[in-house]
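Enquirer: Sequence and predicted structure below; questions after.
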Amino acid sequence: MVAIGAGDPSAARRHASDARKLIPDEPLALLLSAQSAQLSGDKPAAEAAFKDMLEEPTTRVLGLRGLFVEARRRGDQISARAFADEAVRLSPSLAWANDALLEFHSTAGDWAQARTAVERRAALRLSDKTESRRHRAVLLAAEALAKQEANPTEALSAALEALKLAPGLTPAAALAGRMLSARGDLRKAARVLEAAWREQPHPDLAAAYVNLRNGDSQKDKLDKAQALMKLKPTDPESVFAVADAAIAARDYPLARKALSPLLAAVPTVRACLLMARIEDGEHGSAGRAREWLTRSVRAPRDNAWVADGIVSETWLPVSPVSGRLDAFAWTLPPPVLGSAAPAFEEFEQPSAPPMAGLAAGPPPVLAAGSGRDRAADDADLRTVAAAGEVAVAVPQEAAEAAQAPAAAVAAPDPAVLPDPADPKANAPVAAHGPAMLADGLPRVPDDPGPEPGAAPPARRSFWGFGSR
């Protein structure tokens, strides 16, 4: 025991071997053999020692614990679950075995068995009442989301039961609100969503609340968003809900007023994207909209579902990293994060930083708007902001022309070159290049407009939806 505690594997093996020869049936001698093998990295010997413990009733549970640990180390989840099941059967009060079964059932999506494991842990006082209620609510919400298409009735029942245990559980409240609205029970849906909003405002709750009734005008949806804002006047999600509804209703002054508290500090990505939509919709100003899109690239992140250093677009009941139940929280992402998406290094990387390539040629052009709806364009812009690129929004035709192969841009024909004797040809030419913002980022100059006497071109929306 002293050699194991001191980290001396050779002495531990020697003394454990002597102990097994002198007292072969002693449980402590079996444990010392297993631990000395683990210390020296001899996994087969460790497993053999733990299997020997299964032969004795006094050491059977200890052997199952050792075999469980070894199975988890080599990634054999099936064997690990079998050892945990057997350990619970022999000793139902084992904390490690009950915790392992809860993790196994939750990761496998067996929500009914996972609830049984939670109830058994609560009955054995392995977890407090608050934790048990929260875990039951999370499992019911997960079950409701899994059944919402196949069995809407059971899904709604599970979601409402989850809200009784945890009124602020966002996924359960959003699902219950949508399903109650689809059934025509608007009052109950509104009560459910308002109660969850008081606990924790979230974009999913706002979307379900403003779309409670089919056929509502944009003005009616704006009124609903303002009602939510009265419940949480200072929360950023209330501001975003009102601003988004105001933009949809073309009430741009109200959208600006709603966003002003967030713009007074350091605007986040969502605030910058909303301001880009306001500038485009109210004034049709592509230049100002591009400035806000550029700011969104380096703006602070907004809240997201975060667990164990990864960010998920939707709520998940179990962390894919640790297998922990109820791991995701709606909070600010860490400075360095991961996700289930492919790593950034897997994509093609530029050969030089964006600023280094300005002298060699024009910046890359991104067509922000190709005839799709506004939500799809916003998703594209958020993707650009997350990737750290500068989004240059131009009409679709200009984007296609900018992406033309280099062979299409041939040298000028000598026959059409200006005459050197012409004084106009020798006039100094103004230096054209990307203007710089206050923060040092490049900005593409605005279109100088049509030539004198030429017919004005048809106006195109900044988002690429054609003239208006």
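Expert: Noted; the coordinates are in hand.
Enquirer: and residue 281, what is it in contact with?
Expert: Taking CB atoms under 8 Å, 6 or more residues apart in numbering, we find residue 281 in contact with 247, 250, 252. No exception for glycine: its C-beta is placed from N, CA and C like everyone else's.
Enquirer: Helix or strand for the residue lying closest to residue 252 once chain neighbours are set aside, just tell me which one.
Expert: Nearest residue to residue 252, sequence neighbours excluded (CB to CB, 6 or more residues apart in numbering): residue 282, at 3.8 Å. Taking DSSP states H and E as the criterion, residue 282 maps to helix 269-283.
Enquirer: Output the below-cut-off pLDDT ranges for the stretch 301-450 of the chain.
Expert: Low-confidence segments of the stretch 301-450 of the chain (pLDDT under 70): 336-450.
Enquirer: The chain: strands as residue ranges?
Expert: With strands called from DSSP state E, the chain shows them at 304-307, 310-312, 329-331, 338-339, 435-436, 442-443.
Enquirer: Can you point out the buried residues in the longest one?
Expert: For strand 304-307, burial by neighbour count (16 or more other CB atoms under 10 Å) applies to 304-307.
Enquirer: rewinding a little: I'd like the distance between the residue nearest to residue 252 and residue 221.
Expert: For residue 282, the distance to residue 221 (CB to CB, to the nearest Å) stands at 19 Å.
Enquirer: And residue 94, by the same measure?
Expert: 54 Å.
Enquirer: what do you get for residue 45?
Expert: 68 Å.
Enquirer: ok, back up a step: comparing residue 282 and residue 221, which residue is more hemmed in?
Expert: Using other CB atoms under 10 Å as the criterion, residue 282 and residue 221 rank with residue 221 on top: 21 against 16.
Enquirer: Please name the residues that touch the more buried one.
Expert: 210-211, 245, 248-249.
Enquirer: Show me which of the residues you listed is closest to residue 56.
Expert: Of all these, residue 211 has the smallest distance to residue 56: 64.5 Å, by CB to CB.
Enquirer: Can you give me the neighbour number for the nearest residue to residue 49 once chain neighbours are set aside?
Expert: Spatially, and ignoring its direct neighbours in sequence, residue 49 is nearest to residue 34 (3.6 Å; CB to CB, 6+ apart). Neighbour count of residue 34, defined by other CB under 10 Å: 26.
Enquirer: What are the buried residues along stretch 1-18?
Expert: So, applying 16+ other CB under 10 Å, buried residues of stretch 1-18: 3-4, 8-9, 12-13, 15-16.
Enquirer: Give me the distance between the two termini of it.
Expert: Stretch 1-18 has its terminal residues 13 Å apart, counting by CA to CA, to the nearest Å.
Enquirer: swap in stretch 294-306?
Expert: 26 Å.
Enquirer: same thing with stretch 85-104?
Expert: Start-to-end span of stretch 85-104 (CA to CA) is 10 Å.
Enquirer: Stretch 307-319 now?
Expert: 6 Å.
Enquirer: Next, the buried residues of that stretch.
Expert: Applying a neighbour-count criterion of 16+ other CB under 10 Å, the buried positions in stretch 307-319 are 307, 310-312, 315-319.
Enquirer: Among those residues, which one lies nearest to residue 215?
Expert: Closest to residue 215, out of all of the buried residues of stretch 307-319 and judged by CB to CB, is residue 315, at 29.0 Å.
Enquirer: thinking the closest one is in contact with residue 305, fair?
Expert: Yes: at 5.4 Å, residue 315 counts as touching residue 305 under the criterion of CB atoms under 8 Å.
Enquirer: since we're on residue 129, how many residues are nearby?
Expert: 9.
Enquirer: And for the residue nearest to it when sequence neighbours are not counted, the neighbour number?
Expert: Excluding its sequence neighbours, the residue lying closest to residue 129 (CB to CB, 6+ apart) is residue 122, at 7.1 Å. Applying other CB under 10 Å, we find 17 residues neighbouring residue 122.
Enquirer: what do you get for the one 3 residues further on?
Expert: Using other CB under 10 Å, the number of residues around residue 125 comes to 10.
Enquirer: Ok, the one 3 residues further on next?
Expert: In terms of burial, residue 128 registers 10 neighbours under the definition other CB under 10 Å.
Enquirer: OK, contacts around residue 103?
Expert: 323-325.
Enquirer: among the residues you listed, which are in helices?
Expert: Within these, no residue falls in helices by DSSP state H.
Enquirer: and of the residues you listed, the nearest to residue 149?
Expert: residue 325 (23.4 Å).
Enquirer: For residue 320, give me phi and psi.
Expert: phi -70, psi -10 (degrees, to the nearest 10).
Enquirer: any idea how far it lies from residue 154?
Expert: Counting by CB to CB, the gap from residue 320 to residue 154 is 26 Å.
Enquirer: for residue 274, same thing?
Expert: With CB to CB as the criterion, residue 274 and residue 154 are 38 Å apart.
Enquirer: more crowded one of these two?
Expert: Ranked by neighbour count (other CB under 10 Å), residue 274 and residue 154 place residue 274 first, with 27 against 14.
Enquirer: Next, count neighbours for residue 42.
Expert: 15.
Enquirer: same question, the one 5 residues further on
Expert: Other residues within reach of residue 47 by the criterion other CB under 10 Å amount to 19.
Enquirer: I'd say it and residue 73 touch.
Expert: No: if you go by CB under 8 Å, residue 47 and residue 73 don't touch, sitting 10.4 Å apart.
Enquirer: Spatially, which residue comes closest to the spatially most central residue of the chain, not counting chain neighbours?
Expert: Per CA atoms, centre = their mean, the C-alpha nearest to the average position across the chain is that of residue 312, at 2.5 Å. Distances taken as CB to CB, 6+ apart place residue 305 nearest to residue 312, at 4.6 Å, with adjacent residues excluded.
Enquirer: same deal with residue 50?
Expert: Using CB to CB, 6+ apart, the nearest residue to residue 50 is residue 66, at 3.7 Å.
Enquirer: The closest residue to residue 117 other than its chain neighbours: what's it in contact with?
Expert: Closest residue to residue 117 apart from its sequence neighbours, by CB to CB, 6+ apart: residue 102 at 4.1 Å. Residue 102 makes contact with 114, 117-118, 121, 135, 325, according to CB under 8 Å, 6+ apart.
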